[in-house]
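just the structure for this:
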Amino acid sequence: MRARTPYEASVAEDKVSRVALLRVDAGLRAAVPAEELAVAERVLIAPCRDLEPGTWTPEGLDAGADAFAVLLVRGLVTRETTIAGRRSAELLGPGDVFHPWRTFDPAVPATSRWASGSRATVALLDERFTAAARRWPQLFAVIHERLAEQLDRGAVRLAIMALPRVEQRVLGLFWQLAERWGKVLREGVVIELSLTHELIGQLIGAQRPTVSLALQALAADGLVQRTAPDAWLLAHDSGTALPEVRPIGPVQTAAGGAGGGDEGAGQGPSEPVTQITDAGGAASG
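Numbering: from 1, shown residues only. Okay, the predicted model is just below:
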C-alpha cells in the first residue's frame with residue numbers, strides 16, 4: 001500500500017480530531033448534574049477543527065451531514081457581509097454558537113466570508129450532542145441562551161451603529177467589547193484585542209478613514225488609546241461621552257397584511273397598521 005504523504009497524514013489526523021466539550025466549556029459542564037459528569041465527559045466528545053489565520057470556508061470544516069452548529073472553543077472569528085459594495089462584520093468569541101453553512105435569501109444580493117485573525121479552534125455539534133441533550137436537556141438550554149445573548153449583542157450593536165457621531169459609535173463598540181473581554185485596572189479598562197481600523201469600521205458602519213480620525217480625536221481626549229498592537233485602554237469615565245439613555249418618541253411596530261385581527265379592517269394592503277405606545281405604556285391605533 002502506498003505510503004501517505006505528510007499532507008495526507010495531516011488531513012487524516014484532522015478528520016479524527018476530537019474535543020471533550022465539558023473540559024473546554026464551563027457552561028456546558030454546569031448543565032450536567034455533578035453525579036453524572038464522569039459519564040457525560042465520555043459521551044460529549046465532538047469533532048473539532050483548527051482554523052489557521054486568514055479566510056476559511058464552511059465547506060473546509062468537512063462537517064458531517066448531522067452537524068447542526070459550530071461552537072467556537074478558542075480564538076476569534078469574524079463574519080464579513082457585503083451588500084451593494086459596503087461591508088459589515090460580526091465578531092464571535094469563545095463560547096459563541098453559529099451555523100456557517102447558512103446562505104442568504106436569494107432576493108438579497110449579499111455575500112459573506114469567514115476569517116480568523118489568529119489560530120482558532122471550533123467544535124462541530126452533531127447528532128452525538130443531540131443525543132446527549134436528550135439525556136441532559138440543560139445542554140440545549142445553554143445553547144439557546146448563547147444564541148439569545150448573541151441576538152442581544154447584535155441588537156445593541158445596531159443601536160450603536162445608529163449613533164450620529166462616529167466617535168460615539170467607536171466608544172459604544174469598545175464598551176460592548178469591554179463587557180466580554182475587558183480587564184478593569186486602575187488606569188482604565190484594558191481590551192486585549194487586535195482590531196484594525198478597517199474592522200472597527202465594519203463593526204460600526206463607518207469608513208476606515210473616518211474611524212482613524214475618530215480614534216485620533218478620542219485619543220487626544222484621553223478616552224480611548226491603543227497601548228499595543230493587540231491592546232486598547234478605555235478610560236473609566238469615557239462612557240459619559242455617550243448620549244444619555246432615554247426613550248425617544250413612540251415605539252413603532254408593524255403588522256402583517258394577513259393578520260387575523262380587526263385592527264386592519266378597511267385598510268388596503270398599502271396601508272400597514274402602526275401601533276403606537278405612549279410614555280405610559282398604553283397602546284393607541
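
not counting residues beside it along the chain, what's closest to residue 223?
residue 238 (4.0 Å; CB to CB, 6 or more residues apart in numbering). To be clear about C-beta, it is placed using only N, CA and C from the backbone, and glycine gets the same treatment.

any stretches of the stretch 151-285 of the chain with poor pLDDT?
By pLDDT under 70, the weakly predicted segments of the stretch 151-285 of the chain are 245, 247, 258-285.

need the strands for it, in chain order.
Using DSSP state E, counting those that start in this stretch, the strands of the stretch 151-285 of the chain run over 182-185, 188-191, 224-228, 231-234, 251-252, 276-277, 283-284.

so what are the sheet partners of the third one and their directions?
In the sheet containing strand 224-228, its partner strands are strand 231-234 (antiparallel), by DSSP bridges.

residues of the partner strand that come out buried?
232-234 (16 or more other CB atoms under 10 Å).

mind listing what residue 52 touches?
Residue 52 makes contacts with 116, 119, as judged by CB atoms under 8 Å, 6 or more residues apart in numbering.

show me the domain layout of this structure.
6-159, 166-241 (automatic domain parsing).

could you pull out the buried residues of stretch 205-224?
If you call a residue buried by 16+ other CB under 10 Å, then stretch 205-224 has these buried ones: 205-206, 210-211, 214-215, 218, 223-224.

look up how far residue 24 lies from the spatially most central residue of the chain.
The centre of the chain sits closest to residue 92, judged by CA atoms, centre = their mean, with a distance of 4.2 Å. Residue 92 sits 16 Å away from residue 24, going by CB to CB, to the nearest Å.

what does residue 145 give?
Distance from residue 145 to residue 24, by CB to CB: 18 Å.

quick one, which of those two is more surrounded?
The residue with more neighbours, out of residue 145 and residue 24, is residue 24; 18 against 14, by other CB atoms under 10 Å.
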